[in-house]
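> Sequence plus the predicted model coming up.
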Number of protein chains: 2
Amino acid sequence: MLSKKTKYAFHALSYLAENQDKGAILIQEIAEAKNISQKFLECILLDLKKAGVLGSKKGKGGGYYLIKKPEEITLARIIRLLNGPIAWLPCVSLNYYEKCGDCQDEATCNMHLIMCQVRDQTLSIVENKTVQDLIGSKQL
Amino acid sequence: MLSKKTKYAFHALSYLAENQDKGAILIQEIAEAKNISQKFLECILLDLKKAGVLGSKKGKGGGYYLIKKPEEITLARIIRLLNGPIAWLPCVSLNYYEKCGDCQDEATCNMHLIMCQVRDQTLSIVENKTVQDLIGSKQL
DNA sequence: TTATTAGTCTACAAAGTTTGTAGAGTTTAT
DNA sequence: ATAAACTCTACAAACTTTGTAGACTAATAA
């Protein structure tokens, strides 16, 4: 399941996308609008900034803003950043690969091959959906 | 990511499937063959028994055995049992449904609809792969 | 240049989950 | 009766997630 961190990130990104015209937005404003602990949200926004998704301005009139267009921020990117690997096994992860210790030969391990399929099917969706796809219905 | 519990379950089921002819198999034998803590494995096998996947015999000559054919035990069943929901959000789970508190209307919530797609794509694989598909290449 | 505002950073704490252990109890075959 | 082997309860260690506290830094405006 997606962690709260991930869900909060989507909420915050949706809010920023819907208010792009207003320039920099306060953490506090997002936290109140989306009912998220402000301090917790700080960490999340900082992660998004370090990843190059958000920019920020300090001092009076400061806040956070989108650096990329909403339609350029894929769900996969955000999930990987805040939730971790999308794959179900480390040996099948594209971004967090590790040997799993179970398959001696990944080319013939049945579990490995099945989990590759699951990963690819999942990615075919979340690599092609973006923050833009989240807004519009006023649901998130 | 799949938990160790889930992976151990697949290992144990594979072992039982490959040794169906030998009748009841000791926990200890599986634990040693697959290098799993015996006490931990006990819990897992008990879960599988309570779910109707395995049967057991107590006392001398006892052990665990498959109740269903390997090709009737889907990966989805085992993952749900030991790993929890397959869906990424509670509001999208078929077996562990809960309101997520984010979507006021599931019929129009964009995130909900996307997560339904992810769930369905995943299920299309793991509902159709079984323990039988894990054995044969001697990898698990 | 000083006060204020707002993001940054480090550290920690509470809660929950996963993983694993201990030991007594129960059932069955011999 | 005895030993073998599953069953059950309880607990503990390790890890992760979620959230909090407070000092620090940068930018703006008076």
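Sure, I can see it. Numbers count the residues shown, from 1 in each chain, chains lettered A, B, ... in the order given.

> Quick check: residues of chain A near DNA strand D?
A:3-5, A:37, A:39-40, A:43, A:57-62, A:84 (Cβ under 7 Å from any atom of the strand). The C-beta positions use only the backbone N, C-alpha and C, and glycine is treated the same way.

> Out of those, which comes closest to B:L16?
A:G84 (31.5 Å; Cβ to Cβ).

> And that closest one, how far from A:S3?
In this view, A:G84 and A:S3 are 8 Å apart by Cβ to Cβ, to the nearest Å.

> Ok, A:A12 next?
Taken as Cβ to Cβ, the span from A:A12 to A:S3 is 14 Å.

> what's the answer for A:T74, then?
Distance, A:T74 to A:S3, using Cβ to Cβ: 18 Å.

> For these two, indicate the residue with more neighbours.
A:T74 (18 against 12; other Cβ atoms under 10 Å in any protein chain shown).

> surely the more buried one meets A:Q132?
No. Using Cβ atoms under 8 Å as the test, A:T74 is too far from A:Q132 to be in contact (10.1 Å).

> Once you drop chain neighbours, what's closest to the residue positioned nearest the centre of chain A?
Centre of chain A computed as the mean C-alpha position; nearest residue by Cα atoms, centre = their mean is A:I78, 1.3 Å away. The shortest distance from A:I78 to any non-neighbouring residue, by Cβ to Cβ, 6 or more residues apart in numbering or on different chains, is to A:A9 (5.4 Å).

> Now do the one helix or strand the one you found maps to: distance to the chain's middle.
Using DSSP states H and E, A:A9 sits within helix A:4-18. Distance of helix A:4-18 from the chain centroid (Cα atoms, centre = their mean, to the nearest Å) equals 9 Å.

> Residues contacting the helix or strand that that helix is followed by, please?
Downstream of helix A:4-18, the next assigned helix or strand under DSSP H and E is helix A:27-34. With contact meaning Cβ atoms under 8 Å, 6 or more residues apart in numbering or on different chains, helix A:27-34 is reached by A:8, A:11-12, A:15-16, A:36-38, A:41-42, A:45, A:63-64.

> Tell me how many other residues crowd A:K99.
10.

> per-residue pLDDT, it?
pLDDT recorded at A:K99 is 92.

> got a list of what the spatially closest residue to it that is not a sequence neighbour touches?
With Cβ to Cβ, 6+ apart as the criterion, A:K99 has its nearest non-adjacent residue at 6.0 Å, and that residue is A:C91. Contacts for A:C91 (Cβ under 8 Å, 6+ apart) come out as A:97-100, A:102-103, A:106, A:112, A:115.

> Of these, keep whichever come out buried.
Among those, those classed as buried by 16 or more other Cβ atoms under 10 Å in any protein chain shown are A:100, A:102-103, A:106, A:112, A:115.

> out of those, who's near chain B?
Checked against chain B using Cβ under 8 Å from any Cβ of the partner chain, those give the following subset in range: A:102-103, A:112.

> which among the residues you listed gets closest to A:P70?
A:H112 (35.3 Å).

> so that closest one makes contact with A:C103?
Yes. Applying Cβ under 8 Å as the test, A:H112 and A:C103 come out as touching, 4.7 Å apart.

> Tell me the gap between the longest helix along chain A and the middle of its chain.
Criterion DSSP state H: the longest helix present in chain A is helix A:110-126. Its chain's average C-alpha position is 19 Å from that of helix A:110-126, according to Cα atoms, centre = their mean.

> Determine the next helix or strand in the C-terminal direction from it.
Sequence order places helix A:131-134 as the next helix or strand after helix A:110-126, per DSSP H and E.

> Check whether that following helix comes near chain B.
Yes. Using Cβ under 8 Å from any Cβ, we find that helix A:131-134 touches chain B at A:133-134.

> helices and strands around that helix, which ones?
The helices and strands touching helix A:131-134, judged by 3 or more Cβ pairs under 8 Å, 6 or more residues apart in numbering or on different chains; DSSP states H and E, are helix A:4-18, helix A:75-83, helix B:110-126.

> one more time with 7 Å, if that's ok
In terms of contacts (3 or more Cβ pairs under 7 Å, 6 or more residues apart in numbering or on different chains; DSSP states H and E), helix A:131-134 is packed against helix A:4-18, helix B:110-126.

> how about the last one: buried residues?
Of the residues in helix B:110-126, those buried by neighbour count under the rule 16+ other Cβ under 10 Å are B:110-119, B:121-123, B:125-126.

> Alright, calling it a day.
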